[in-house]
Structures are given as C-alpha cells and as structure tokens.
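Q: Make a model of this:
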Amino acid sequence: MKSGFRAETPVPVRSPCVKVCQMDPATQLCLGCCRTQDERDWWVAYSDAQQREVMQRCEQRRAVLVGGGGELAPSMGIVESRRKGRT
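A: Residues are numbered from 1 along each chain as shown. Reported below is the predicted structural model:
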C-alpha cells in the first residue's frame, strides 16, 4: 500500500425510519421520518446520493414543521433505480 493512500469503504445510508409509520393526512408526510409515501416505497431503489437527498429533504421538512413556517421540500418521487445490477 502506498504511503498516504487511504482506501475508503462507502458508508451505506441508513433508513430514516423510526418505526412510526403513519402518514399525516394534512402534510402527506410520515409522522416518524417526514418522508413522502413515494420516498418510503422507493427507498431501496434510490442510489446512495438519492437517499442522502431524501435525508436532507426530511431534515428540511422537520425544521419547517417544528418552526411553523416555510415551504416543505417536494418529494423525490419515483425515480429510475441507480443501484448497481438493477434496471
């Protein structure tokens, strides 16, 4: 191994699910994780980058809901899988 070279193993994105899987009829977001139904359904098909984007959207939505102001981030929706070996 070369000096200074550091092989990094990608860290998989953990699901934001907290086992409170109930949709809020007013916001159409999961009460536990702040994902939309599409984001929950498609989580495993999203690439790591897409999963990270969903996580950022969830954080933004949570901040809006707690703070009481602003617009909620839109859903990532249904996307073509970017996972290796999937079509």
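Q: going forward, measure contacts and count neighbours with C-alpha atoms only.
A: OK.
Q: Need the nearest residue in space to the spatially most central residue of the chain, chain neighbours excluded.
A: Nearest to the geometric centre of the chain sits Val54, at 2.7 Å (CA atoms, centre = their mean). Once flanking residues are discounted, Val54 sits nearest to Met76: 6.7 Å by CA to CA, 6 or more residues apart in numbering.
Q: count of residues packed around that neighbour?
A: 18 (other CA atoms under 10 Å).
Q: what are the phi and psi values for it?
A: Main-chain dihedrals, Met76, degrees, to the nearest 10: phi -70, psi -30.
Q: list the contacts for it?
A: For Met76, the contact set (CA atoms under 8 Å, 6 or more residues apart in numbering) comprises 38-39, 54.
Q: ok, it to Gly68 distance?
A: Noted for Met76: a distance of 22 Å to Gly68, by CA to CA, to the nearest Å.
Q: from the contacts of Met76, which is closest to Pro16?
A: Among those, Val54 lies closest to Pro16 (CA to CA), at 9.2 Å.
Q: The helix or strand in which that closest one is found: which residues count as buried?
A: For Val54, the host element (DSSP states H and E) is helix 48-67. For helix 48-67, a neighbour-count test (16 or more other CA atoms under 10 Å) marks 48, 50-52, 54-55, 57-62 as buried.
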